[in-house]
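S.K.: sequence and computational prediction follow.
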Amino acid sequence: MDVLVTGGLGYIGSHTVVALAEAGYSPIIVDNLCNSQAWIHARLEQLAGQAIPFYRVDCTDRLALAQVFEQHPNVQAVVHFAALKAVGESTRHPLEYYQNNLGSLLAVLQAMQQQHVGILVFSSSATVYGEPEKLPVTETTPLQAPTSPYGATKAMAERIIADAVQANPQLRAMALRYFNPVGAHPSARIGELPQGTPNNLVPYMTQATRGVVPDLKIFGHDYATPDGTPLRDYFHVVDLACAHVLAIDYLAKAREGLPLQFVNVGAGTPVSVLQVVETFRQATGQPLPYRFAPRRAGDVEAIWCDATLAKNLLGWQPEYTLADALLHAWKWEQTLGEQEIPA
Ligand code: NAD
Ligand code: UFG
């Protein structure tokens, strides 16, 4: 089955392209390179051992997107990753976020309708749960008002897809609500490529260890958690990639008229920032110095998921540990240090 992957050169998209190819699917990538690099494409073809068509197309460009679908009439599924994802940036540039994230989703849904493509897997986020009152969160945990334009685009996107599915029984869709994917491919050939100073914990840690950015600052150690630092649900990006493959397998067999399915994807284990630091030190043997800094605006104290539905519905469960993920992230970071523009 041909699967169109928007944002397929990005962090999660690239790992998913490899997982799709390994599972026997034929991925086709659409990416405008606004947050990724073209050389990742060659690496994906090497890892997958097959040619992977790539189109440098902005998903908000309906005509260009329609042309990609027309060139690949056997596309039966879309995995839609393409989005801007920096929470802080979204508060400074909200219109760009609404335009890009919702414009691309609408264009993808319209192209799918025109070409009669019936399967959609969408990248949603734990951010839709806000600061939950009860933990762990299940898919029935009430959603909270988004605290950033980025979060709002995810909540609105879920609503848009639910409406599109309801109006078109042939469209079967799943919104995977990711918790905190971290790590890199075990081969260290692909991984996360943040532009500028990383906002997220793990890429900051690996860059600090390589000396690219100053020592790690832990944002807040006065939270009501066991060690005072926030709790999150970290899991390996390759496990997340596999969840997309299983989601397509599931939707391909699902009955028509199925409502939009929401599925949490996370390890289901709360881990504090200090525990991540300690696990990184042990897994890599690197000292990783840090200092405490004030809380970061917008951070929630604790969030982790109950991933029972992912297991029951998709047969998904994580294969890698956090230590694996952190070691792989470090191996990837080291390759970036050795060769800035890799072949
Ligand atoms: P990423 O920035 O690495 O990948 C996104 C890719 O989409 C990039 O390659 C970018 O160039 C491309 N893109 C963006 N807008 C586009 C457009 N209009 N047209 C074509 N390509 C476009 O991000 P990621 O971490 O891989 O995230 C993928 C998806 O998962 C996003 O939707 C993100 O919101 C969601 N998500 C990520 C996380 C996380 O922790 N990384 C957590 C929850 C949800
Ligand atoms: N942190 C630090 N120092 C840093 C970076 C992060 O202490 O330099 C802390 C944060 O304060 C937080 C934890 O590490 O306590 C995790 O932060 P991340 O930025 O890695 O991840 P978040 O949980 O804040 O955000 C992620 C995604 C968002 C998504 C959110 C949903 O990056 O896109 O999960 O819960 F919206």
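M.R.: Nice, I can see it. Ligands and ions are numbered 1, 2, ... in the order given.

S.K.: tell me which helix or strand Ile190 sits in.
M.R.: Take DSSP states H and E as the rule and Ile190 turns out to sit in neither a helix nor a strand.

S.K.: correct me, but it touches Thr16?
M.R.: No - look at Ile190 against Thr16 with CB atoms under 8 Å: they stay out of range, at 10.7 Å. Just so you know, the C-beta spots here come from the backbone N, C-alpha and C atoms, and that holds for glycine as well.

S.K.: who has more neighbours, these two?
M.R.: More neighbours surround Thr16 than the other of Ile190 and Thr16, with 30 against 23 (other CB atoms under 10 Å).

S.K.: secondary structure class for the more buried one?
M.R.: Taken by DSSP: H, G, I helix; E, B strand; the rest coil, the conformation at Thr16 corresponds to helix.

S.K.: what is the helix ranked longest in the chain packed up against?
M.R.: Longest helix of the chain, by residue count under DSSP state H: helix 149-167. For helix 149-167, the elements it packs on are helix 87-92, helix 94-97, helix 103-115, strand 119-125, strand 172-178, judged by 3 or more CB pairs under 8 Å, 6 or more residues apart in numbering; DSSP states H and E.

S.K.: any chance of these in JSON lines, with mean pLDDT and distance to Phe54 too?
M.R.: Output for the helices and strands packed on helix 149-167, formatted as JSON lines (pLDDT from 0 to 100; distance: least, CB to CB, whole Å):
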{"stretch": "helix 87-92", "mean pLDDT": "94", "distance to Phe54": "26"}
{"stretch": "helix 94-97", "mean pLDDT": "98", "distance to Phe54": "24"}
{"stretch": "helix 103-115", "mean pLDDT": "98", "distance to Phe54": "17"}
{"stretch": "strand 119-125", "mean pLDDT": "98", "distance to Phe54": "19"}
{"stretch": "strand 172-178", "mean pLDDT": "98", "distance to Phe54": "23"}
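
S.K.: now the ones you listed as JSON lines including distance to Trp332?
M.R.: Below are these laid out as JSON lines (distance: least, CB to CB, whole Å):
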{"stretch": "helix 87-92", "distance to Trp332": "23"}
{"stretch": "helix 94-97", "distance to Trp332": "27"}
{"stretch": "helix 103-115", "distance to Trp332": "27"}
{"stretch": "strand 119-125", "distance to Trp332": "21"}
{"stretch": "strand 172-178", "distance to Trp332": "19"}
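
S.K.: residue numbers of the stretch 1-150 of the chain in contact with ligand 2?
M.R.: For the stretch 1-150 of the chain, the residues in contact with ligand 2 (CB under 6 Å from any ligand atom) are 85, 87, 125-127.
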